[in-house]
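>>> Let me see the structure of the following:
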Amino acid sequence: MTRTSVRNPVFACEACGAQAPRWLGRCQECGEWNTMREERPLQEAGGGAPAPGAPPVPLAAVDPGAAAYRPTGLAELDRVLGDGLVPGSVTLLGGEPGIGKSTLVLQALATMAESGARCLLVCAEESKEQVRLRAERLGALHPNLLVVADPALEHIATWVDETSPDVLAIDSIQAISSAEVSGPPGSVAQVRACAARLVALAKERTLATLIVGHVTKDGAIAGPRALEHVVDTVLAFEGDRHHALRMVRALKHRFGATHELGLFEMGHEGLVPVPDPSALFLADRRTGLSGTVVAPILEGARPVLVEVQALVTRSYAEAPQRSVQGLDAKRLTMLLAVLASRAGLSAGRCDVFASVTGGIRVRDPGIDLALAIALASAQWGVAIAHDVVAIGEIGLGGEVRQVPQTARRLEESGRLGYRLAVVPPSAPEVPGIALHRVSTLEETLAAVHPVAGTGSGQGRPDGALTLVS
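Model prediction:
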């Protein structure tokens, strides 16, 4: 008589994937309520242990050509991936619903199909007819691009065996389910099991695999964190639905760096790569207005020029407003406190609005100096000259500090025709652009104030143009 082993139940949180031996009303890891669900373990396969694979070989004897990059054909996506997809790798593309993930995947598959790759798209959320309509609009119809509408995990391996694709795309992992796992599609157990099986399939077939995943309201990819750990590359597809700009960042990449940024513009015919983002952000800029200044920021390893705008008006409410768009609200609060404490420029009874135009969200501390100049310009009603940029981080003591890659930022500013840069004292000289060095906020505001010595032409070789217009 055989003894049947009894497994204790395991409960997992649908929000973060944390496990517990019993049901809890509130997850002890993420604090969410009523998210604990019982997991049933995968059915155990018979037949004993699997046979061993290929024997160990010297690392120097491994052929690197077997893992050569396969370009996607989209220059901005290849920039982030480091020249393309690697055979046998699994790439997770995460983003908000409706941001354009399916469009990006479809365009990438179409361009790879045109180059001779055989591509299979498993659309678990849409019908084949819906995908056909989108592909026709994008011009993405090609005989090498195959599509199947099947959310069953067990069938995907069958379709891979029948079609022998070079690239497999799953749209999306939250809609795929396995009959061996309890729970609805998108649950922690289903996402974990389906992701693990797809990774194993990619390694077995040396198949470049793209998996689409949705993100939650706090920006994390839906499902357990283990989903990000089992894949080779995690891409974040970001953007504002009210703007056409879309950004691709690598949060994890086993085959290259994670500092690159890909930029696309969403149009009627799909996503168009943006090779010169600075020109896009500054295309409609108006000059001669107070409260606006240009800042060269660093997005990954890419210098980008953006316009920082500020508006300071008298407040008639007990609690003045502090509103930001594209910036960190806490950073604005800190800068207002430093301006008041270290430079004597207080906006305590004023409503303050600050934004970065173009739909981009800036996390670079190098924008501090430009924001401080914009706030002072707005409060005093003084317009900054149209060909001035500002680079620098501001400390709590009011000092202006150096930021990484200042030389590259200055070179990009000079390329676009800017002639003067307000920089920290340690900034390097760059041909084609003059430097106005400031070490404190007081020195910076002295160059902006209409009385405190403006018009001196400091920092310009000819002295003809000043910091203010």
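
>>> so how many other residues sit close to Ile173?
26 (other C-beta atoms under 10 Å). Backbone N, C-alpha and C define where each C-beta goes, glycine included.

>>> Correct me if wrong: it contacts Gly213.
Yes - counting by C-beta atoms under 8 Å, Ile173 does reach Gly213; the two are 5.1 Å apart.

>>> From Ala301, how far off is Ile391?
Ile391 is 16 Å from Ala301, where distance means C-beta to C-beta, to the nearest Å.

>>> Please identify which of those two sits among more neighbours.
The neighbour comparison of Ile391 against Ala301 (other C-beta under 10 Å) goes to Ile391, with 29 against 13.

>>> where does that one fall, phi/psi-wise?
phi -130, psi 130 (degrees, to the nearest 10).

>>> Kindly report the same for Ala378.
According to degrees, to the nearest 10, Ala378 has phi -70, psi -40.

>>> Am I right that it is in contact with Val293?
No - Ala378 is beyond contact range of Val293, at 10.0 Å (criterion: C-beta under 8 Å).

>>> more neighbours, those two?
Using other C-beta under 10 Å, the more surrounded residue of Ala378 and Val293 is Val293, with 29 against 24.

>>> Return the set of buried residues in the strand or helix carrying that one.
Here Val293 sits within strand 292-299, counting by DSSP states H and E. The neighbour-count check on strand 292-299 (16 or more other C-beta atoms under 10 Å) flags 292-299 as buried.

>>> Just give me the closest of those residues to Leu198.
Glu299 (30.8 Å; C-beta to C-beta).

>>> what sits against the closest residue to that closest one other than its chain neighbours?
Nearest residue to Glu299, sequence neighbours excluded (C-beta to C-beta, 6 or more residues apart in numbering): Leu261, at 4.3 Å. Shown in contact with Leu261 (C-beta atoms under 8 Å, 6 or more residues apart in numbering): 79-80, 247-249, 299-302.

>>> ok, now with 10 Å
Contact partners of Leu261, counting by C-beta atoms under 10 Å, 6 or more residues apart in numbering, are 76, 79-80, 238, 247-250, 277, 298-302, 304.

>>> Dig out what it forms beta bridges with.
Arg249 (DSSP bridges).

>>> Can you report how many residues neighbour Ala447?
Ala447: 22 neighbours (other C-beta under 10 Å).

>>> circling back: which other helices and strands contact the strand holding Val293?
strand 261-267, helix 277-281, strand 302-314, helix 368-380, strand 388-390, helix 406-415, strand 420-423 (3 or more C-beta pairs under 10 Å, 6 or more residues apart in numbering; DSSP states H and E).

>>> how much space between the closest residue to Val403 other than its chain neighbours and Arg408?
Distances taken as C-beta to C-beta, 6+ apart place Gly366 nearest to Val403, at 3.7 Å, with adjacent residues excluded. Remark: distance between Gly366 and Arg408 (C-beta to C-beta) = 11 Å.

>>> so what sits against both of these two?
Residues touching both Gly366 and Arg408 by C-beta under 10 Å, 6+ apart: 296, 298, 303.

>>> Closest one of those to Ser355?
Of the shared contacts of Gly366 and Arg408, the one sitting nearest to Ser355 (C-beta to C-beta) turns out to be Pro296, at 17.4 Å.

>>> Verify the contact between the closest one and Phe281 for me.
No - with contact defined as C-beta atoms under 10 Å, Pro296 does not reach Phe281; the gap is 11.0 Å.

>>> between the two, what contacts are shared?
304-306.

>>> I'd like those laid out as TSV, including pLDDT.
Output for the shared contacts of Pro296 and Phe281, formatted as TSV (pLDDT from 0 to 100):
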residue	pLDDT
Val304	92
Leu305	95
Val306	95
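
>>> pLDDT on the longest helix anywhere in the chain, on average?
Ranked by residue count under DSSP state H, the longest helix found in the chain is helix 188-205. Regarding helix 188-205, the rounded mean pLDDT is 89.
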